[in-house]
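*Asks:* Sequence and predicted structure, then a few things I'm wondering about:
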Amino acid sequence: MLAAILESGDLERLYTGLSLLVSAASEGRPARGLATFGALGPLLDPDLRERARREAAHVTEAERDAFARTLAELRDAAAELPDCRIWACAAAVQATGADWATVSERLEGVTSTPQFLREVAGAQLVVV
């Protein structure tokens, strides 16, 4: 199993974390993610593509559309793959004021970091 704590709101880092999870799940390896403070907003953003076009600091202007499209596709793939699951961190949901209904709609639900770590015990763990 691959487990990722998605912390950063930096869209390039989020792209990397989602890419790791989607790649693992696509190859038949269980993939689990925990979206914390920085990553929660972009993952819940209905206009992620537009956000990525504006905020991808390290992506050249010529590549912004492709980057934005692929980031949104990675988020969608993570939600659709049967063995890829991403939860929202309970503390991050509360502290950021994220809408619980949106969290439940876009992600697997809400869990605490200790509970997530118990669930993924023994997994290869990365923090992005």
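*Replies:* Looks like it arrived, so ask away. Numbering: from 1, shown residues only.

*Asks:* Quick one: name whatever helix or strand follows the helix-or-strand element of the chain with minimal mean pLDDT.
*Replies:* Here the helix or strand of the chain ranked lowest by mean pLDDT, DSSP states H and E is helix 100-106, holding a mean of 93. Sequence-wise, the next helix or strand downstream of helix 100-106 (DSSP states H and E) is strand 110-111.

*Asks:* For that next one, which strands pair with it and how are they oriented?
*Replies:* strand 84-89 (parallel) (DSSP bridges).

*Asks:* quick one: contacts of the strand it pairs with?
*Replies:* Strand 84-89 is touched from outside by 6, 21-22, 24-25, 31-37, 40, 43, 77-79, 98, 103, 107-113, 116, with contacts defined as CB atoms under 8 Å, 6 or more residues apart in numbering. C-beta coordinates here come from the backbone N, C-alpha and C atoms, glycine included.

*Asks:* Next, count neighbours for the closest residue to S112 other than its chain neighbours.
*Replies:* Ranked by CB to CB, 6 or more residues apart in numbering and with sequence neighbours excluded, the top spatial neighbour of S112 is A90, at 4.9 Å. Residues lying near A90 (other CB atoms under 10 Å) number 19.

*Asks:* And for the one 4 residues further on?
*Replies:* Using other CB under 10 Å as the criterion, Q94 is surrounded by 12 other residues.

*Asks:* so how far is V103 from it?
*Replies:* Q94 sits 11 Å away from V103, going by CB to CB, to the nearest Å.

*Asks:* Please apply the same query to P82.
*Replies:* 20 Å.
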